[in-house]
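J.: give me a 3D structure for the following:
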Amino acid sequence: MKVLMVASECTPFIKTGGLADVVGALPAALSGQGIECRILLPAYPSLQPLLSDGNQVAQFDDLPGGYGQLVLVSSQGLDLLLLDAPQLFDRPGLPYTDPNGADWPDNHLRFGALAQAAARVGLDGVEGWIPDIVHAHDWQASLTPVYLKQSGQAVPKSVLTIHNIAFQGRFGPHVLSELGLRGDWFHPEALEFHGDLGFLKSGLMFADRISTVSPTYAREILTPHYGMGLEGVLKSRESILSGILNGIDTGTWDPSSDPALNRGYNARSLGRKADNRAGIAERTGLDPEANGPLFCVISRLTEQKGLDALADAVPHIVNRGGQLAVLGSGQAGLEQAFVDASQRFAGAVGAVIGYDEAFAHLLQGGSDAILIPSRFEPCGLTQLYGLRYGTLPVVARTGGLADTVIDANVAALNEECATGFVFDDVSSSGIEAVLDRVFDRFADKKRWQMMQRAAMRQHVGWDQSALEYAQMYQGLSE
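T.: Got it, this is the predicted structure:
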């Protein structure tokens, strides 16, 4: 079976969040199910050097935004179809925003072009390679099912995966003609969403199957609290909606061989984590002699992630003898709050504003626990990395966090299957309450290591999820 993945980012080439990690890891897992994947990506500046190593396999003169060509290239074990349209993608900044952080005003053209190129590959193939399934990811690729249906042809079937329903891609109705979309489809049962063209909403209406990244999130987004206005659309298509849990690349994330660690370790040599903790202390200015638990945060610094509540709980961590290391960027007020905390509690709190992949690995390798107090979380990957590294996740009971972490309640501890701490109240007092549980468990070193080993035994790779995707594809192709 052949599957065309369509996405706006992919590790290790371009990344702003977990979407990239999924798109980069899933094809290799699917190959074990006999599925051949190609990934269609925009040729951002970071991907431009690959173009000279590839072959042009298609060119289009009439994409939204003008000319584009497709270049097929293999890199990092992945087969890529790069959409080379310099007028759309060869520009500074992040994939969706300019260097000042503002959305590019032509994002509708940029990602409309991506979706239309995907549909044409789906319908016509490239050099004899014709996909059986076209799998679009998030709002940026969500017009792909629309263009496929607009063609009037029956194949291929389409899948749309929601990685975060909060990001929907809404644009004024004037863009329909620029995107070559049918004007008579601009109504609530098709493309229109509260007077706008909704990229994600449109894809949800026209995809043959809809998936999201955890079973709990699939249930949550059917409710007004989590559906972000799309719960009615999803309820109408509930029969084709499923939640398939994300996995991680267990080769890249392996504490026994991770080159970013000061010292590798496994479940039988957990004492070696101390050498990695020393590296964290050196980077962040934490007191290297402290012996309380070291908590880490690796996250976008936003209220969605519950980090405003965590910032208020920082004094509680320090007063109980713990340390906190933060890596991330996001809302200016939260960045400043953690910088201020690192100055107020020098030696106990450290903050690195920005993102550093190697340091993220070191934080997982040297910390005792990772804090993820999200108000909603479709799946989450950092808790899976934490499980893999014996860095116990402390998570809110939502989305994939609820699906992947076994709370350290009495029954789970007695059965020696607890892998972290799960709580419900995302407020400073709620976080302080779960932190008290963590401190109490940390004081019992034997039980803490039992939990670490249980976490490291948990299957966090892609094998099971790849099988579920393969079954979904097979069901569509029958």
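
J.: any buried residues in stretch 332-348, and which?
T.: Of the residues in stretch 332-348, 334, 335, 337, 338, 341, 342, 345, 347, 348 count as buried by neighbour count, 16 or more other Cβ atoms under 10 Å. In short, each C-beta sits where N, CA and C put it, glycine included.

J.: can you check stretch 186-205 too?
T.: Neighbour-count burial for stretch 186-205, counted by 16+ other Cβ under 10 Å, picks out 186, 190-193, 196-205.

J.: hmm, back to that, let me have the buried residues of stretch 332-348 in a markdown table, extended by distance to residue 384 and pLDDT.
T.: Compiled in a markdown table, the buried residues of stretch 332-348 are given as follows (distance: Cβ to Cβ, whole Å; pLDDT from 0 to 100):
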| residue | distance to residue 384 | pLDDT |
| --- | --- | --- |
| 334 | 24 | 98 |
| 335 | 25 | 97 |
| 337 | 27 | 98 |
| 338 | 24 | 98 |
| 341 | 27 | 98 |
| 342 | 27 | 98 |
| 345 | 29 | 98 |
| 347 | 30 | 98 |
| 348 | 28 | 98 |
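
J.: among those, which one sits closest to residue 217?
T.: Of all the buried residues of stretch 332-348, residue 217 sits closest to residue 334, with 23.6 Å by Cβ to Cβ.

J.: isn't the closest one up against residue 302?
T.: Yes: with contact taken as Cβ atoms under 8 Å, residue 334 and residue 302 are classed as touching, separated by 7.0 Å.

J.: about what we covered before: from the buried residues of stretch 186-205, pick the one nearest residue 284.
T.: When these are compared for distance to residue 284, the smallest value, 37.9 Å, is given by residue 200; criterion: Cβ to Cβ.

J.: how close does that closest one get to residue 290?
T.: From residue 200 across to residue 290, the span is 45 Å (Cβ to Cβ, to the nearest Å).

J.: returning to that earlier point: out of the buried residues of stretch 186-205, name the ones that lie in helices.
T.: When DSSP state H is applied, these are split such that 199, 200, 201, 202, 203, 204, 205 fall in helices.

J.: quick one: average pLDDT of the lengthiest helix in the chain?
T.: Secondary structure of the chain read by DSSP H shows that its longest helix is helix 107-124. For helix 107-124, the mean per-residue pLDDT is 98.

J.: same thing with stretch 353-365?
T.: Per-residue pLDDT over stretch 353-365 has a mean of 96.

J.: buried ones in it?
T.: When burial is assessed from 16+ other Cβ under 10 Å, stretch 353-365 yields the following buried residues: 353, 359, 360, 361, 362, 363, 364, 365.

J.: did I read that right, residue 252 in a helix?
T.: No: if the criterion is DSSP: H, G, I helix; E, B strand; the rest coil, then residue 252 is coil and not within a helix.

J.: just give me the neighbour total for it.
T.: Number of residues near residue 252 (other Cβ atoms under 10 Å) recorded here: 17.

J.: how does this structure divide into domains?
T.: 2-247+462-477, 270-457 (automatic domain parsing).

J.: let me have these in TSV, extended by distance to residue 254.
T.: What follows is the domains of the chain, written out as TSV (distance: least, Cβ to Cβ, whole Å):
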stretch	distance to residue 254
domain 2-247+462-477	13
domain 270-457	7
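
J.: go through these and name the closest to residue 261.
T.: Of all the domains of the chain, it is domain 270-457 that lies closest to residue 261, at 4.3 Å by Cβ to Cβ.

J.: span of that closest one from start to end?
T.: According to Cα to Cα, to the nearest Å, domain 270-457 extends 13 Å from its N-terminal end residue to its C-terminal end residue.

J.: just how off-centre is it within its chain?
T.: 19 Å (Cα atoms, centre = their mean, to the nearest Å).

J.: where's residue 432 relative to residue 322, distance?
T.: 12 Å.

J.: tell me which of these two has more neighbours.
T.: Under the neighbour definition other Cβ under 10 Å, residue 432 and residue 322 were set side by side, and residue 322 has more, 22 against 19.

J.: assign the residue nearest to the more buried one when sequence neighbours are not counted to helix, strand or coil.
T.: The shortest distance from residue 322 to any non-neighbouring residue, by Cβ to Cβ, 6 or more residues apart in numbering, is to residue 292 (4.6 Å). Three-state assignment for residue 292 (three-state DSSP): coil.

J.: could you do the one 5 residues further on as well?
T.: The three-state label for residue 297, taken from three-state DSSP, comes out as strand.

J.: mind pulling up the pLDDT for it?
T.: 98.

J.: cool, residue 154 as well?
T.: In this model, residue 154 carries a pLDDT of 76.

J.: what does residue 304 give?
T.: In the prediction, the pLDDT value recorded for residue 304 is 95.

J.: which residues touch it?
T.: When contacts are counted by Cβ atoms under 8 Å, 6 or more residues apart in numbering, residue 304 is found next to 166, 374, 375, 376.

J.: output stretch 404-412 as PDB, nothing but the C-alphas.
T.: Listed in PDB are the C-alpha atoms of stretch 404-412, where the atom choice follows Å, rounded to 0.1, in the frame of the first residue of the first chain:
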ATOM      1  CA  THR A 404      -0.400   7.300  28.900                       C
ATOM      2  CA  VAL A 405       0.400   7.900  32.600                       C
ATOM      3  CA  ILE A 406      -0.600   5.600  35.400                       C
ATOM      4  CA  ASP A 407      -1.200   7.500  38.600                       C
ATOM      5  CA  ALA A 408       0.700   6.600  41.800                       C
ATOM      6  CA  ASN A 409      -2.400   5.700  43.700                       C
ATOM      7  CA  VAL A 410      -2.300   3.000  46.400                       C
ATOM      8  CA  ALA A 411      -3.500   0.200  44.100                       C
ATOM      9  CA  ALA A 412      -1.000   1.100  41.300                       C
END
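
J.: identify the residues contacting that stretch?
T.: Under the contact criterion Cβ under 8 Å, 6+ apart, stretch 404-412 has outside partners 214, 245, 380, 383-384, 387, 393, 395, 417-422, 437, 441, 451, 454, 458, 460.

J.: which ones among those residues lie within strands?
T.: 393, 395, 421, 422 (DSSP state E).

J.: return the closest of those residues with respect to residue 63.
T.: Residue 63 has its nearest neighbour among the ones in strands among the contacts of stretch 404-412 in residue 395, at 41.9 Å by Cβ to Cβ.

J.: burial measure for the residue lying closest to that closest one once chain neighbours are set aside, as a count.
T.: Once its chain neighbours are removed from consideration, residue 395 has its nearest residue in residue 401; the separation is 3.9 Å (Cβ to Cβ, 6+ apart). The local packing count at residue 401 equals 27, with neighbours defined by other Cβ under 10 Å.
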